[in-house]
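Q: give me coordinates for this.
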Amino acid sequence: QFQVLIRYLTILMMCVPLSFGNGFERGLNIPPTQGTSNAGAFEPGLYRFDYEAGLLKRIKEEGFTHIRVPVNVASAMDNATLKRIAELFAAVDDQGLICMFDTNEAGETGHGNGRVNNPVAMAAAWRRIHAAFGRKPGIRYELFNEPFGYALNKSSAREYLEEMKYIIEKARLPEDRCII
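A: Numbering: from 1, shown residues only. The predicted model follows:
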């Protein structure tokens, strides 16, 4: 049965000390089940997490202590999707990361342009996420997945940081739970 889980999951062995607890932690990336584990999170619309309860139970049995769950703006604004994400986190005692992905816009393919599409919409989405998960301090917020669309210079770094600060402020997120 675990082979089925492996087929859908990209395993990340997080072998670096994290601020979740003491020492080394083991994390598992839980991609949405539409598309491929590489590009499905960039597809627009609501994410699906079609994992069976028995497979979720195996996460802890296999020694994983945390999960990383992607979300996009549409999914964050949907109560049923947030409830499903909460079920995923329950499998690891509410420990891990929620990571925001921006979905492809018209003309984009693959991983898109690596930039925040709409900071206002993303802040509103994070506000909904925090309303749903704010009382679960073991869940951290990875504000934006792979910001490769910002050039490697001071001006772009400043732009990215200002966008993340805007999102934190408008979503009323606790800074100590945010990863930028």
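Q: so where's the longest helix in the protein?
A: helix 154-171 (DSSP state H).
Q: quick one: which helix or strand includes the residue positioned nearest the centre of the chain?
A: Centroid-nearest residue in the chain, with CA atoms, centre = their mean: residue 99, separated by 1.9 Å. Using DSSP states H and E, residue 99 maps to strand 96-100.
Q: that strand packs against which elements?
A: Packing contacts for strand 96-100, counted by 3 or more CB pairs under 8 Å, 6 or more residues apart in numbering; DSSP states H and E, involve strand 66-71, helix 119-133, strand 139-142. No exception for glycine: its C-beta is placed from N, CA and C like everyone else's.
Q: could you provide these in CSV, with additional columns for distance to residue 54, mean neighbour count and mean pLDDT?
A: Output for the helices and strands packed on strand 96-100, formatted as CSV (distance: least, CB to CB, whole Å; neighbours: other CB atoms under 10 Å; pLDDT from 0 to 100):
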stretch, distance to residue 54, mean neighbour count, mean pLDDT
strand 66-71, 16, 23, 92
helix 119-133, 24, 18, 97
strand 139-142, 23, 22, 95
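Q: residue 80 is nearest to which of the ones you listed?
A: Among the helices and strands packed on strand 96-100, the nearest to residue 80 by CB to CB is helix 119-133 (11.7 Å).
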